[in-house]
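K.L.:
Predicted model and sequence follow; I will ask about them next.
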Amino acid sequence: MAILLGDTAPDFTAQTTEGEIRFHDYIDGHWAVLFSHPKNYTPVCTTELGYTAKLKPEFDKRDVKVLGLSVDKIEEHSGWAKDIEDTQGSALNFPLIADDGSIARQYDMIHPNADNTLTVRSVFVIGPDKKVKLKLEYPASTGRNFDEILRVIDSLQLTAKHQVATPVNWKNGEDVIIVPAVSNEQAKEKFPEGWNEVRPYLRIVKQPSL
Ligand code: BEZ
């Protein structure tokens, strides 16, 4: 069965470049990003992993634990990590899972009509409650935009903390929208400086701090 938004992210035990990890214990109480890449020693993956390592301070600031995954052997991960450092200027600084295919199948990361063995580029953002908050799937040939993943995490964290939603093309610092579930009475308490009521269902407010 496909994993849907709001489902509990399936637990697993995995060999990683940072030792054995039990997923639920590892992410306990934190946000997490679990992403697959099709294969070690491939060009797009090399750039993605190098860039994700560069973003570590940004993930840390947001209390996000990052884990990469591919169906490769642990020894191959270690050899490739050296290449990532040499070519991308940043060493791996998050665990890379060496999957035997079982986690990839559990998370539907293999799409047989695209390729029978390689994973697609899946991304799962998981909340501190271990529920799946976001799913993305890209083809192997298209590198993902990890700045966009940070942007979505900012939006998800604002919703979780402040009950605001983010409008089209929103970026950190721009105005946000009070979610429909918040009544005007409740909004007065949450946003004492007021809001711009464009329509009763479209209430724009300054972005609360993240
Ligand atoms: C890559 O990471 O460069 C890649 C992997 C599989 C298919 C196409 C590109």
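P.N.:
Happy to help now that I have it.

K.L.:
So which bits of the lowest-mean-pLDDT helix or strand in the chain are buried?
P.N.:
Sorting the helices and strands of the chain by mean pLDDT, DSSP states H and E puts helix 74-88 at the bottom, at a mean of 93. Across helix 74-88, burial judged by 16 or more other CB atoms under 10 Å covers 77, 80-81, 84, 88. Quick note: C-beta positions are derived from backbone N, CA and C, even for glycine.

K.L.:
Let's have those in TSV, adding distance to residue 204.
P.N.:
As requested, the buried residues of helix 74-88 are exported to TSV (distance: CB to CB, whole Å):
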residue	distance to residue 204
77	46
80	47
81	46
84	42
88	40
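
K.L.:
what does the protein put close to the ligand?
P.N.:
38-39, 42-45, 118, 140-141 (CB under 6 Å from any ligand atom).

K.L.:
Quick one: the residues you listed as a markdown table, columns for secondary structure, pLDDT and neighbour count too.
P.N.:
As requested, these are exported to a markdown table (DSSP: H, G, I helix; E, B strand; the rest coil; pLDDT from 0 to 100; neighbours: other CB atoms under 10 Å):
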| residue | secondary structure | pLDDT | neighbour count |
| --- | --- | --- | --- |
| 38 | coil | 97 | 22 |
| 39 | coil | 96 | 17 |
| 42 | coil | 96 | 15 |
| 43 | helix | 97 | 9 |
| 44 | helix | 98 | 17 |
| 45 | helix | 97 | 21 |
| 118 | coil | 95 | 19 |
| 140 | coil | 96 | 18 |
| 141 | coil | 96 | 8 |
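
K.L.:
Which members of those residues are the farthest-apart pair?
P.N.:
Pairwise distances among the residues of the chain next to the ligand were taken by CB to CB; the largest, 14.0 Å, belongs to 43 and 118.

K.L.:
Beyond the top helix by length along the chain, next helix or strand please.
P.N.:
Looking across the chain with DSSP state H, the single longest helix is helix 146-162. Under the assignment DSSP states H and E, the closest C-terminal helix or strand after helix 146-162 is strand 164-165.

K.L.:
Could you report the separation of the residue lying farthest from the centre of the chain from residue 194?
P.N.:
Distance from the C-alpha centroid of the chain peaks at residue 185, with 33.9 Å (CA atoms, centre = their mean). If you measure residue 185 against residue 194 using CB to CB, to the nearest Å, the figure is 14 Å.
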